[in-house]
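Enquirer: No letters, just coordinates:
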Ligand code: NI
Ligand code: MN
């Protein structure tokens, strides 16, 4: 499974014919130097919650590629009015797709969708456990530290993408607790240094985490599991 960090919480994931973006925040992402048009053969897009730095370019990319957006019920309904295909799930649900399985996990955060007409309710925010060809990826979305993360230990996660930037999500200290709860083989820190309010030093996170291998990716770098 090939995982490319695109800055902030945006990742491109490829395994065989499965080609997906998670939280496709590319336009206006100071860490992403590409454009939505760079992604022309996606099969799926995952959206953890309605905030602009996660929903991002999902509609535009889904329209140009025909990719199915996997997200919560409320955001799926919103996307249905935009003429794209969305598969609704909800917290705790696991679903079999042609590429593998997806479980929607809890996240403690907001999910309002910013529109010209004001904020629309985007349901509960979430994270995803995505399993393809026996490889398991966990993307936490935006979240504070929760005891629920202890439940993820039984998933035997190969790679966890965890926010460390503080202010809107866990900071380094809480993210370290999260890793100890989840016990993934590897961790990629995310959601930091995009904006001044979420500045964090990932090397401090790497020093603190003793039980999992921390992989610090610069935007556009690829890690394979
Ligand atoms: Ni958010
Ligand atoms: Mn965010």
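Expert: Ah, there it is. Predicted, not measured: the structure shown is a model, and the values here were computed from it. Numbering: from 1, shown residues only. Ligands and ions are numbered 1, 2, ... in the order given.
Enquirer: CA atoms for contacts and neighbours, from now on please.
Expert: Fine.
Enquirer: can you pull out the helices in the chain?
Expert: Secondary structure of the chain (DSSP state H): helices located at 52-55, 58-65, 73-80, 172-182, 202-208.
Enquirer: Reformat those into JSON lines and put distance to residue 86 and mean pLDDT next to each item.
Expert: Below are those laid out as JSON lines (distance: least, Cα to Cα, whole Å; pLDDT from 0 to 100):
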{"stretch": "helix 52-55", "distance to residue 86": "13", "mean pLDDT": "98"}
{"stretch": "helix 58-65", "distance to residue 86": "9", "mean pLDDT": "98"}
{"stretch": "helix 73-80", "distance to residue 86": "5", "mean pLDDT": "97"}
{"stretch": "helix 172-182", "distance to residue 86": "29", "mean pLDDT": "98"}
{"stretch": "helix 202-208", "distance to residue 86": "34", "mean pLDDT": "98"}
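Enquirer: Let's have these in TSV, adding mean neighbour count.
Expert: Below are these laid out as TSV (neighbours: other Cα atoms under 10 Å):
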stretch	mean neighbour count
helix 52-55	21
helix 58-65	19
helix 73-80	19
helix 172-182	21
helix 202-208	15
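Enquirer: Redo those as JSON lines? Include distance to residue 108.
Expert: As requested, the helices of the chain are exported to JSON lines (distance: least, Cα to Cα, whole Å):
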{"stretch": "helix 52-55", "distance to residue 108": "15"}
{"stretch": "helix 58-65", "distance to residue 108": "22"}
{"stretch": "helix 73-80", "distance to residue 108": "16"}
{"stretch": "helix 172-182", "distance to residue 108": "13"}
{"stretch": "helix 202-208", "distance to residue 108": "21"}
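Enquirer: Quick one: closest of the ones you listed to residue 225.
Expert: helix 172-182 (17.5 Å; Cα to Cα).
Enquirer: how about residue 10, phi and psi?
Expert: Residue 10 has phi and psi values of phi -90, psi 130 when expressed as degrees, to the nearest 10.
Enquirer: tally of neighbours for it?
Expert: 29 (other Cα atoms under 10 Å).
Enquirer: show me the contacts for it.
Expert: 21-26, 54 (Cα atoms under 8 Å, 6 or more residues apart in numbering).
Enquirer: Let me see the confidence value for the closest residue to it other than its chain neighbours.
Expert: Among residues not flanking residue 10 along the chain, residue 23 sits closest, at 4.9 Å (Cα to Cα, 6 or more residues apart in numbering). Residue 23 carries a pLDDT value of 98.
Enquirer: Any figure for the gap between the residue located most distally from the centre of the chain and residue 50?
Expert: Note on the chain: the largest C-alpha distance from the chain mean falls to residue 117, namely 26.3 Å (Cα atoms, centre = their mean). Going from residue 117 to residue 50 by Cα to Cα, to the nearest Å gives 15 Å.
Enquirer: now residue 17
Expert: On the measure of Cα to Cα, residue 17 and residue 50 end up 27 Å apart.
Enquirer: Check residue 10 too.
Expert: For residue 10, the distance to residue 50 - Cα to Cα - is 14 Å.
Enquirer: before we move on, what about residue 104?
Expert: Distance of residue 104 to residue 50, given as Cα to Cα: 15 Å.
Enquirer: Now for the nearest residue to residue 172 once chain neighbours are set aside, how many residues are close by?
Expert: The spatially closest residue to residue 172, leaving aside those adjacent along the chain, is residue 164, at 4.9 Å (Cα to Cα, 6+ apart). By other Cα under 10 Å, the residues close to residue 164 number 30.
Enquirer: Got the phi and psi for residue 164?
Expert: Torsion angles, degrees, to the nearest 10, at residue 164: phi -130, psi 0.
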